Every structure is written in structure tokens, then in C-alpha cells.
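Q: sequence and predicted structure are below.
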Amino acid sequence: MRIGVVTFPGSLDDRDAQRAVRLAGATPVALWHGEHDLHGVDAIVLPGGFSYGDYLRAGAIASLSPIMAEVIAAANRGVPVLGICNGFQMLAEAHLLPGGLIRNDHGTFICRDQKLRVENTSTAWTNGYAPGTEITIPLKNGEGGFVADAETIARLEGEGHVAFRYLGVNPNGSINDIAGVTNARGNVVGLMPHPEHAIEEGFGPDTDAAMRSGTDGLTIFTSAIAALAAI
């Protein structure tokens, strides 16, 4: 499987996402924001960072980059697309996912290992988890508060489109502790925490087993490979 990772001006975690793809067992393909070519990839990752310096709104300018026209078309065809942090903001700005992300309610940047619960395991990016699985994934953002109107929130909750939910503490004021959502089809998922930083023992979050031994994020990438293999 070939999974593309798009680099935008200001991307910080594109190489980390490529490494996650490789450790999951797929081939990472570097994609450039200024191109109209997805190079035939089977899935797409929009990584974290501060694309275009977060001018206007986080993800707003990046959502209009040339390659996003191709990402939107691919997503509408059913190609799996994952947005991580800034990538989640791009997906919301591009209307591939509902809602929006605003400045953290405490007004400061936050960086912590965050507990989550996997709420929806039927998506292309979460099928490897058991329902209700609790995982720990690093979180780092300044504009991570998920918001939407009451009707949209009711629909997300009622139709099971909340993919991940914060546990223990709500780090940014997101409505209903929402950490990530999916589209109705289940091929597009966005989340604020960074699964690409929890993929390899010795480099992930601390666990009861050992320091830096957490690898809960790897399943997000292996899930996509499994979903593609089942097509």
C-alpha cells in the first residue's frame, strides 16, 4: 500500500507521519502542497504543524492549496484521508468534516500525553481498535477546541460520527470532549492528538509497563492498511 503524506509550508510532523506509515507496513509517499498530483496513492495523511503560519485561521489557507482540490476529489471517491491536528483543521476548513477548531478555551498552547476513548471503530482509520478502547496519544495545539452548532453536534452524536473523545481532562474546551470526528462514509477522519508520536517503543508516551513505551497510535495507520486490503 502507498500512503501519501502532504507537506505544506509550516508542516512540522510530515516526516513523523511518513515514519508511522512505514512502521505500519506501507510505503510513504511525499506529496507537495503546490502540486495537482497524488501520484496514485491509496490513502492520504494531512499532517500536523502550522501551515502558512496559521494566518487567518489554522488550516484556512492550506485548505485552498492546489493539492487540496485533489484530496477533496479523492475523499469524495472514498479514498481514506486522515487529518492530524493542523490536518484536522484543514479538513474542517475544506468541509470534508463538520465543525471547526478554535483557540483553546484557556488561551494557551498545550502539550501533554492525552487519554482518549475510541468511539467509532467502523472507519478506515479506527477499525483495528475494539469499541471503547482507551488509548494515550500525545497532544500539542493552541487551536484545538472543537465547535459546531447544536444541530451538528446532535447529528454527530446521534449518528456515531464522533471518532475519539477526550478522557480525564478536556484539554481545549471541545464540545462534548470531542477529540476527533469522521464523515458519514467513514473514510475521512480528523483528530487533534498526534498518533504518529505513539508508534514505537522507546519514543511514545509513558505507560505502566515502561517509560516511553506507548504505541497506541500505530493502530490508526495499520487500520488504514487493513481497510485498503479489504477493498
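A: Done, it's in. The structure presented is a predicted model; accordingly, all values stated were derived computationally and were not measured.
Q: what's the burial count for the closest residue to Gly48 other than its chain neighbours?
A: Leaving aside its chain neighbours, Gly48 sits nearest to Cys85 (3.5 Å; criterion: CB to CB, 6 or more residues apart in numbering). Bear in mind the C-beta positions are built from the backbone N, C-alpha and C, glycine included. For Cys85, the neighbour count with other CB atoms under 10 Å is 28.
Q: and what of Val118?
A: Val118 has 23 neighbours, counted by other CB under 10 Å.
Q: pLDDT at it, what is it?
A: On pLDDT, Val118 comes in at 98.
Q: the helix or strand containing Ile72 - contacts with which helices or strands?
A: Taking DSSP states H and E as the definition, Ile72 sits inside helix 66-77. The contact analysis (3 or more CB pairs under 8 Å, 6 or more residues apart in numbering; DSSP states H and E) places helix 66-77 against strand 43-46, strand 81-84.
Q: now with 7 Å, please.
A: Counting contacts by 3 or more CB pairs under 7 Å, 6 or more residues apart in numbering; DSSP states H and E, helix 66-77 packs against strand 81-84.
Q: which ones are touching the residue nearest to Gly48?
A: The neighbours of Cys85, taking CB atoms under 7 Å, 6 or more residues apart in numbering as the test, are Gly48, Asn141, Met192, His194.
Q: same check on Pro9?
A: Counting by CB under 7 Å, 6+ apart, Pro9 touches Ser51, Tyr52.
Q: what distance do you get for it to Arg103?
A: To Arg103, Pro9 is 21 Å away according to CB to CB, to the nearest Å.
Q: for the helix holding Ile72, which positions count as buried?
A: Ile67, Met68, Glu70, Val71, Ile72, Ala74, Ala75 (16 or more other CB atoms under 10 Å).
Q: tell me the mean pLDDT for it?
A: Rounded mean pLDDT across helix 66-77 is 98.
Q: about what we covered before: so of the contacts of Cys85, which ones are in helices?
A: When DSSP state H is applied, the contacts of Cys85 are split such that none fall in helices.
Q: highest neighbour count among those?
A: Met192 (31 neighbours).
Q: ok, the closest residue to that residue other than its chain neighbours - how many residues close by?
A: Distances taken as CB to CB, 6+ apart place Gly144 nearest to Met192, at 4.4 Å, with adjacent residues excluded. For Gly144, the neighbour count with other CB under 10 Å is 27.
Q: repeat that for Gly128.
A: Residues within reach of Gly128, counting by other CB under 10 Å, total 19.
Q: ranges for the strands of the protein?
A: Assigned by DSSP state E, the strands in the chain fall at 2-7, 27-32, 43-46, 81-84, 100-102, 110-118, 134-141, 145-147, 162-166, 178-182, 188-191.
Q: tell me which of the ones you listed sits most buried.
A: Of those, the one with the most neighbours on average (mean count of other CB atoms under 10 Å) is strand 81-84, at a mean of 31.
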